[in-house]
Structures are given as structure tokens and as C-alpha cells.
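1. Let's see this in three dimensions:
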Amino acid sequence: MFFGGDPFEHFAHHGGGGSHRGPRRDVDTTKLYETLGVEKTATQPEIKKAYRKLAVKHHPDKGGDEHKFKEINAAYEILSDEEKRAKYDRHGLEGIDDHGGGDGGADIFDLFFGGGRQASRGPRRSEDVNHAIKVTLEDLYNGKTVKLAINREVLVGKPKMCRQCDGRGMRMELRQIGLGMVQQIQRHCASCRGEGYQCEKKRERKIVEVHVEKGMRHKDKITFRGMSDEKPNMQPGDVHFVVHEKEHDVFKRKGADLLITKNLSLKEALTGFAWRIKHLDGRSLIVASKPGEVIRANAANEKPYVKIVPNEGMPSRGNPFVKGNLYVLFTVKFPEDGELSAAALDSLRAHLPGPSSMDMEAQEEEEEVHLEVANIANFGRGGAQTQESAYDSDSDEGPQAVNCQQS
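-> Modelled structure (predicted):
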């Protein structure tokens, strides 16, 4: 919004006459800030916090996009250096003398604009496209190749610059809102739909083979470079097929490890067990206890009792011959009350280790009592509720007042 003076002074460089000493019109000084998701006025702690959050989210080892991860590192290396940041704020990426940026020496223009030092004035990349591909745990264990169709827009002929917006894709409109007051509004060019160029397009359907590698994880990406929609004066972006792992009925997965739950009777837990499972590759495994092995109801730290079958987990992506472990979480089911006969109880007392307390007899003035089922949540709520207990309530209002009316 402009108050007084010449409201068209802002557009003086579009006409002839005069020299232009400021930055060129096409210099981009916001891309790095947008990459980290911060404002241009962000402080160094804010930039560092945003970088750490994005680096964890987009790290390739956690299923993130490698190219995006490199962009984040490059942006942080420049914006975390006050001298480089000042040059970038004035002159854009061309103002950075050392074209580093966390990519092992790769040109930073390749990261953000898809090729070369002149790329800031040349074609940029169109948006990437993500498609979900649902796979079973068996598919991720054994690997799978499927044929899928990519439907996209491709250009027909050579694009022509839009004369309405001079290839900028945006048009500036001025609206007078009062005496000496003019409002400047920026809108997408309706003639070229904000693309800056006009051209004919057509739909293309291409069949691609999507290879799901052994050991891939949920949200891993299978990328086809340059297969997204073609746009004028831009390089096509990538198409990512994002792995969505379906839940399995038997196995639970975490990383390269698998987990199954096995319920045992007290007899099996004490005397031994064996059961058959069908693995993800179709093999039949018999999981059996060792002679004399006892399965406990809980581990020593009161956590679930767990054992493993080594090297029977998921294959590792990139090295499928190295596998994780198969974890077995045990639960032991004890007999119900009255289920064991007196003879069975006598036999257990005779053969199980440890002392028996059943021979204890009540002494004079002693009383024998029995147990009932209880809920620990009721601990502290026993006995009669007295008037004083009302003051122990969590309410800040205390006990309600009682009004007495005399007749």
C-alpha cells in the first residue's frame, strides 16, 4: 500500500531510462528460507531448531527423500553462516562464492534448480508426485515387482512466453482505495494459469515396473526421475511410489526384527512345548523349547518374558542376506480355580521345588481367612465414608454448603 507520491514508482524499472543498481529482478533470496520453513527474519537458534527437525524427518535412513535431505543441509550450511547469509540475502545463490552446501562438493545450483550455475535463470523443476503402493509383509520379505501406470501431462510443441505477464506467471494490479492511496495486488496470470508460458498439452500414459526390494520399510520411496507433469520452461519433477505396509495377522515388525506372541499353558511352560509356524517365505518352522527349559510368566524386571530365534527376522534392504531376529513374547495361562483335582495338587506339591505351606495349622486365637478378587484402583476407598472425607476431594470448592431453614 502506498501513501502519497507516485504510486507507479515501484514499476519504474519496467520502462526505459535510468539505471538499475539493485539486485536483478530474477534473483531469488527466499528459496533457502522456504526449504527450512522459517522466515527471513529468523534467528540462528530458530534456524538450527528447524534444521534439526527437518533433518530427522527427511533422513534417507528413515525413509526420507535423499534429494530433499541434501537441500536441507545445503540451506542450513549457508544460513547458519552470517557472512554467507548476508551475501545470499543481497544477491541470491550467485552471491555465494564457495558453492558448497553439505553435498560433498556438489554444486548448490544442482540441488535447488536442477543443473548448473545458470539454472537460476533457466528451467526449474516441477512438483514431485507421490503415489501410495500397498504391500504385504510377505512382499517386503520376499521382494516384488509390479507394473503400474503413470498418467501425466506432456507438452506438445514449443512453449511461447505469455505476453500478458512477460513470462512471470503473475500480474500486478493497482487499485485506488482513497485520495493518494493505491493498493497493489499480485495475482496469477489468467492467460497462462500462472505458468508464464502458453503451450498445448496432452495426457500420456506410461507403464513402469515398480520393484519392491527385500527389506523395504513403511514409507520408503521408489523413485522414477523426471516422470511428473511437464510444465513450460521447467524440468519435470519425480514420481515417488511410497510403500504402505499392511498389518499382518501373525507377525509384528519393527525395523528388521519380527515379533510373535505365544500363549502357553502352565503345563507347557513347566514341561516343554513345540508349535509350528509358517514363515513369510512359506517355510514351516517348528519352535521348540530346550530340555528342562522353563518359561516364566514375567521377566525379572516385571516386563514380558521374551526370547528370540536368531536370524529369522526381516532381510536388510541392500543386503538381504543379513536378517534381523524373530522375537517370541510369551504369556502363561494358569489353571482356573477348582480346575486341578486334589490328587493333581498333591502330585504337584510332591514334585515341584520349594517349601509347601499347606501344612500350617491355626493356633489358638488365630483365624483363617480367604481371598477374593479385587481391583487395585479401589485401594484407599474402603471403610465408611465420613464427613471429613468430603474435604479430601480434589475439588477446589470444598464441601457444598447446607442451608437450614427454620419454620
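2. now the helices: where do they sit in this structure?
-> Along the chain, the stretches classed as helices by DSSP state H are 31-36, 44-57, 66-79, 82-91, 108-113, 137-142, 266-271, 342-351.
3. so what's residue 42 up against?
-> 33, 36, 50 (C-beta atoms under 8 Å, 6 or more residues apart in numbering). (C-beta placed from N, C-alpha, C; glycine too.)
4. In this structure the first one contacts residue 39, no?
-> Read it as residue 33. Yes - taking contacts as C-beta atoms under 8 Å, residue 33 lies within contact range of residue 39: 6.7 Å.
5. who's more crowded, those two?
-> Ranked by neighbour count (other C-beta atoms under 10 Å), residue 33 and residue 39 place residue 33 first, with 20 against 12.
6. what does stretch 330-348 contact?
-> So stretch 330-348 is contacted by 261-266, 269, 295-297, 304-307 (C-beta under 8 Å, 6+ apart).
7. correction: stretch 140-157
-> Under C-beta under 8 Å, 6+ apart, the answer for stretch 140-157 is 129, 131, 133, 135, 199-217, 224, 227-232, 236, 239, 241, 243, 245, 280-281, 314-315, 320.
8. Mind checking which of those residues are buried?
-> Among those, those classed as buried by 16 or more other C-beta atoms under 10 Å are 129, 133, 135, 199, 201, 210, 212-217, 224, 227-232, 236, 239, 241, 243, 245, 280, 314-315.
9. how about the strands of the stretch 151-300 of the chain, start to end?
-> According to DSSP state E, counting those that start in this stretch, the stretch 151-300 of the chain carries its strands in the segments 170-178, 181-188, 197-212, 221-224, 234-235, 239-245, 252-254, 257-265, 274-278, 284-288.
10. what lines up beside the second one in the sheet?
-> In the sheet containing strand 181-188, the strands it pairs with under DSSP bridges are strand 2-3 (antiparallel), strand 170-178 (antiparallel).
11. ditto for the fifth one
-> Using DSSP bridges, strand 234-235 pairs in its sheet with strand 124-125 (parallel).
12. how far away is residue 198 from residue 156?
-> Distance from residue 198 to residue 156, counting by C-beta to C-beta, to the nearest Å: 12 Å.
13. of the two, who's got more company?
-> Between residue 198 and residue 156, residue 198 has the larger neighbour count (other C-beta under 10 Å), namely 17 against 11.
14. so how far does stretch 265-284 reach from one end to the other?
-> 23 Å (C-alpha to C-alpha, to the nearest Å).
15. repeat for stretch 374-383
-> End-to-end distance for stretch 374-383: 15 Å, by C-alpha to C-alpha.
16. Same question for stretch 178-192.
-> Per C-alpha to C-alpha, the first residue of stretch 178-192 is 32 Å away from its last.
17. what's stretch 296-312 in contact with?
-> Counting by C-beta under 8 Å, 6+ apart, 258, 269, 279, 285, 287, 295, 323-332, 334 sit against stretch 296-312.
18. And the most centrally placed residue in the chain, what's its pLDDT?
-> The residue lying closest to the centre of the chain (C-alpha atoms, centre = their mean) is residue 57, at 6.4 Å. Looking at residue 57, its pLDDT reads 84.
19. Does it touch residue 65 like I think?
-> No - Residue 57 is beyond contact range of residue 65, at 10.1 Å (criterion: C-beta under 8 Å).
20. hmm, back to that, make CSV out of the helices of the chain and add distance to residue 184.
-> Output for those, formatted as CSV (distance: least, C-beta to C-beta, whole Å):
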stretch, distance to residue 184
helix 31-36, 22
helix 44-57, 29
helix 66-79, 29
helix 82-91, 23
helix 108-113, 28
helix 137-142, 54
helix 266-271, 79
helix 342-351, 90
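21. Put the buried members of the contacts of stretch 296-312 into a PyMOL selection.
-> For the buried members of those, the matching PyMOL selection, counting by 16+ other C-beta under 10 Å, is:
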select buried, resi 258+269+287+295+323+324+325+326+327+328+330+332
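22. Enumerate every residue touching the closest residue to residue 48 other than its chain neighbours.
-> Nearest non-adjacent residue to residue 48, counting by C-beta to C-beta, 6 or more residues apart in numbering: residue 80, 6.8 Å away. Contact analysis of residue 80 by C-beta under 8 Å, 6+ apart lists 44, 47, 48, 51.
23. Pick the one among those closest to residue 162.
-> For those, the minimum distance to residue 162 (C-beta to C-beta) is 36.3 Å, reached by residue 47.
24. residue contacts, the closest one?
-> Residue 47 touches 36, 38, 76, 79, 80, counting by C-beta under 8 Å, 6+ apart.
25. For this structure, give me the ranges with low pLDDT.
-> 1-27, 61, 97-123, 180, 357-362, 385-407 (pLDDT under 70).
26. Stretch 365-384: end-to-end distance?
-> 27 Å.
27. buried set for that stretch?
-> For stretch 365-384, the buried set under the neighbour-count rule, 16+ other C-beta under 10 Å, is empty.
28. centre of the chain versus that stretch, how much separation?
-> Distance of stretch 365-384 from its chain centroid, counting by C-alpha atoms, centre = their mean, to the nearest Å, is 48 Å.
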